[in-house]
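1. here's a sequence, model it:
(chains A and B)
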There are 2 protein chains.
Amino acid sequence: MSGDLARRREEHLGSSYRLFYDDPVHVVRGEGVWLYDADGRRYLDAYNNVAGLGHCHPRVVAALAEQAARLNTHTRYLGHEVVDYAERLLGTFPAHLDQVVLTCTGSEANDLAYRVARVATGGTGFVVTEHAYHGVTHAVAGLSPSYGGPDSLGQDVWTVPAPRTAGDAEAFAAAVQAAVDQMRSRSVQPAALLVDSILASDGIYPEALPALEAGAAVMRAAGGLLIVDEVQPGFGRTGRMWHFTRSGLTPDLVSLGKPMGNGHPIAGLVARRDVLDEFGSRQRYFNTFGGNAVSCAVGSAVLDVIEDEGLLERAAARGERLVSGLREVGTRHTAIGEVRGIGLYAAVELRDDHGAPAAELAGRVVNGMRSRGVLLSTAGPSGHVLKLRPPLVSEDEHIDLLLETLDATLDHLRGGPPVGSLS
Amino acid sequence: MSGDLARRREEHLGSSYRLFYDDPVHVVRGEGVWLYDADGRRYLDAYNNVAGLGHCHPRVVAALAEQAARLNTHTRYLGHEVVDYAERLLGTFPAHLDQVVLTCTGSEANDLAYRVARVATGGTGFVVTEHAYHGVTHAVAGLSPSYGGPDSLGQDVWTVPAPRTAGDAEAFAAAVQAAVDQMRSRSVQPAALLVDSILASDGIYPEALPALEAGAAVMRAAGGLLIVDEVQPGFGRTGRMWHFTRSGLTPDLVSLGKPMGNGHPIAGLVARRDVLDEFGSRQRYFNTFGGNAVSCAVGSAVLDVIEDEGLLERAAARGERLVSGLREVGTRHTAIGEVRGIGLYAAVELRDDHGAPAAELAGRVVNGMRSRGVLLSTAGPSGHVLKLRPPLVSEDEHIDLLLETLDATLDHLRGGPPVGSLS
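-> Numbering: from 1, shown residues only, chains lettered A, B, ... in the order given. Next up is the predicted model:
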């Protein structure tokens, strides 16, 4: 049946759609940390940051159903839903970020950030990291070197190597400065530095925030803005609502998305009032579904659950268990190189016997984990980094199952009993 | 209370958000053809084509709630929801349009069409009508002259006057040919002609389809594609599922949106397989929320309701009552010029005593209708066209209420008893 489904899918959705895993998972139900396939088998979801509160969280589903039965209309009428949500959402940000525009997807949020930065600065030049991913609209695909493809890097877009640690601050600042200098030599005025605060597609570098600060200072001095992309790390995943707040970063614009509605299509752009005013005074922005009453009710329910279930604290605590556990597994497997993580966002570098990135092994680990009932994927320029993002509602037992399964998968791939455990 | 809400809204959402009406409506509930305000007053919704099945349609709400409680995940796993929906949706299109990519908004659908057309043709030149509107991403705003603003018309975008009737075929073909010739003189290769099949923001011209055919033939001969935007007229509003099928138009790409989920954020791009293959073979496209299980369940419920409630036939029948009724009102008011319409999509031109477009009057009519409990808006380059789009589930009595209210509003604005009725 899954084979037939795959054939029908290929027939009607076409080749731009791709599936995860050599043996794709046919999901039929989700509940908490689990996804269930058509044969009733369950999988621990250690990958999808969208369902951050767990699949089909009852409070979010109830808020969705209740509001959809009462009112679902747009922002050209007055409605308390969008205003209540905007106030509440902005309350989780530093005070200088005091306005929000709601969209449906993170791509739309970054696309709007691109437009706002151009209007607010009068510039057109953007700096992004070398393997950045910020979305799929034409403009934002042009800001996403990792997306590749025929209409790759946009005009007036410069790339710089992603910093990996705080120690890269000087090098990152120098790279941004070099990009700005090149822009000017071509009469391009800088508009913004755009960075994912956790540098996910560059390989996940949670400790690089101070380096991002140094690059942002250069861009600001050049008259450009700082756009921080919190689409992946936002809404509590790192043990804080917003990853950038661990640092002294003061973004002008912050894009949000994925876990914002726990699966419902809601996203947004949080902004400094003066920056957005410059745009809004010259340009209306109406997103038909953006900020509709149902999306805002869902967004509010997500904030309720994060607060009431103490998910920031839980993500921080479980994250420590996850990262220390991964390092412990690493002591038994030479294939495991550096382990990085904050909250429930972790990266595991895989390497070959010579210490080189082992992308092919990473692919086999991901598929091996899938066959053992744990879902994850890879990240990074060469695809050798395991990307782990268990739901924020994960319990210790789920973290332990993930760790045990990784251990067993690496054992199996090595074709023998664990060497480390014999010592 | 509404005043306080407006102030809080301005404070947190900023100036890019605009409200309808001099005295904005504070909506708190919707049901069928009605919206209710905070004081319990009801308004006949004769404007919002998103809630085409009526506000909060119980079957759509039930499908949403049921699927959201069972599974809401993305298209990187196998799932029957997206495949079933894709098959069913494609079944409503001519056979040559046999693949679909799902997005969340019409803007995303048109943005993807822009990308696909560029990759499939290798060209970059687009032709749009003079007052077109196709969405709010950077690329699509650049294809939307009516949107205006600081980053208005995009590079390699040519505009042509919108045709108004079948009789404009020759002129429209000549205008497209002139645009193509200009492109070539600047070494720009044509990519596509992009048109809204009902030319909504140009003023609503349902009878211009044969002229669009003539323009499309020119673009095709030049190696470009035809992209038809059905975001506004689609899903039964014109008495057919797709307005372009009244004509011999054979689009390569068709964008869908607004009423697709009766308010839920779902949209898509329907395509000829070979065109999409060219894109998909070179570029993946992953829209996190696009085609998720919940959106597809909602989309299927919308198709169910259109079919089971006979909404195409109903829209056609009520549309005749609406248009003939508007013409009848026109016999009593010299301010009413041309009346155009098909199905439940109608346009009423307002003119002054000299026959010139009367935009200021149109604004007063819209606000006057609002104060009498009927919601509509305006369209067209000078804003003198009343834009009417009652829900597809409207009954005769709702059409009659709309007509009576328009009659009374025009009477009132003229400050006396109806002249026509005295004759």
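
2. now A:H412: closest residue in space that isn't a chain neighbour?
-> A:G368 (6.3 Å; CB to CB, 6 or more residues apart in numbering or on different chains). (Glycine included, C-beta is placed from N, CA and C.)

3. and that neighbour, how far is that from chain B?
-> As judged by CB to the nearest CB, to the nearest Å, A:G368 and chain B stand 18 Å apart.

4. with just CA atoms, put whatever helix or strand that residue lives in into PDB.
-> Per DSSP states H and E, A:G368 falls inside helix A:359-371. What follows is helix A:359-371, C-alpha atoms only, in PDB (Å, rounded to 0.1, in the frame of the first residue of the first chain):
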ATOM      1  CA  ALA A 359      28.400  12.100   5.300                       C
ATOM      2  CA  GLU A 360      27.800   8.700   3.900                       C
ATOM      3  CA  LEU A 361      28.000   7.200   7.400                       C
ATOM      4  CA  ALA A 362      25.600  10.000   8.600                       C
ATOM      5  CA  GLY A 363      23.100   8.800   5.900                       C
ATOM      6  CA  ARG A 364      23.400   5.300   7.100                       C
ATOM      7  CA  VAL A 365      23.000   6.300  10.700                       C
ATOM      8  CA  VAL A 366      19.800   8.200   9.900                       C
ATOM      9  CA  ASN A 367      18.400   5.300   7.900                       C
ATOM     10  CA  GLY A 368      19.500   2.800  10.600                       C
ATOM     11  CA  MET A 369      17.800   4.900  13.300                       C
ATOM     12  CA  ARG A 370      14.600   5.000  11.200                       C
ATOM     13  CA  SER A 371      14.600   1.300  10.900                       C
END
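
5. which elements pack onto that helix?
-> Under the contact criterion of 3 or more CB pairs under 8 Å, 6 or more residues apart in numbering or on different chains; DSSP states H and E, helix A:359-371 touches strand A:345-350, strand A:377-379, strand A:385-388, helix A:396-414.

6. now the angle between helix A:359-371 and the last one, please.
-> The reference is to helix A:396-414. Put simply, helix A:396-414 runs at 130 degrees to helix A:359-371, going by axes from the mean of the first three to the mean of the last three CA atoms, to 10 degrees.

7. what does helix A:396-414 contact?
-> Helix A:396-414 is contacted by residues A:33, A:44, A:46, A:318, A:321-322, A:325-326, A:328-329, A:332-333, A:335-336, A:348, A:361, A:364-365, A:368-369, A:372-374, A:386, A:388, A:390, A:417-418 when judged by CB atoms under 8 Å, 6 or more residues apart in numbering or on different chains.

8. now swap in the shortest one and tell me
-> Applying CB under 8 Å, 6+ apart, the external contacts of strand A:377-379 come out as A:20, A:47, A:200-201, A:203-204, A:347, A:359, A:362-363, A:366, A:384-387.

9. ok, so of those, who is nearest A:P163?
-> Proximity of the contacts of strand A:377-379 to A:P163 (CB to CB) peaks at A:G203, which lies at 10.9 Å.

10. burial check on the closest one, number of neighbours?
-> When neighbours are counted by other CB atoms under 10 Å in any protein chain shown, A:G203 registers 25.

11. I'd guessed it sits against A:T165; true?
-> No: the criterion here is CB atoms under 8 Å, and A:G203 misses it with A:T165 at 11.9 Å.

12. what mean pLDDT does the helix holding A:G368 get?
-> Mean pLDDT, helix A:359-371: 98.

13. show me what counts as buried in stretch A:347-356.
-> Neighbour counts using 16 or more other CB atoms under 10 Å in any protein chain shown place A:347-351 of stretch A:347-356 among the buried residues.

14. just for the stretch 101-250 of chain A, where's the confidence low?
-> A:149-151 (pLDDT under 70).

15. residues of it that sit close to chain B?
-> Within the stretch 101-250 of chain A, the residues that sit near chain B (CB under 8 Å from any CB of the partner chain) are A:101, A:104-108, A:111-112, A:114-115, A:118-119, A:136-139, A:141, A:148-151.

16. pull out the buried members of those residues.
-> Among those, those buried by neighbour count (16+ other CB under 10 Å) are A:101, A:104-108, A:111-112, A:114-115, A:118-119, A:136-139, A:141, A:151.

17. now do the helix or strand hosting A:R321: everything it contacts.
-> Per DSSP H and E, A:R321 falls inside helix A:311-330. Applying CB under 8 Å, 6+ apart, the contact partners of helix A:311-330 are A:52-53, A:236-241, A:305-306, A:336-337, A:339-346, A:348, A:388, A:390, A:392-396, A:399-400, A:402-403, A:406-407, A:410.

18. show me the contacts for A:V385.
-> A:203-204, A:347-350, A:362, A:378-379 are the contacts of A:V385 under CB under 8 Å, 6+ apart.

19. hmm, I typed the wrong one, I wanted A:G224.
-> Contact analysis of A:G224 by CB under 8 Å, 6+ apart lists A:117, A:121, A:123, A:125, A:127, A:180, A:190-193.

20. how about the helices and strands packed on helix A:359-371 in a markdown table, adding distance to A:N72 and mean pLDDT?
-> Putting the helices and strands packed on helix A:359-371 into a markdown table (distance: least, CB to CB, whole Å; pLDDT from 0 to 100) gives the following:
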| stretch | distance to A:N72 | mean pLDDT |
| --- | --- | --- |
| strand A:345-350 | 33 | 98 |
| strand A:377-379 | 33 | 95 |
| strand A:385-388 | 34 | 98 |
| helix A:396-414 | 35 | 97 |
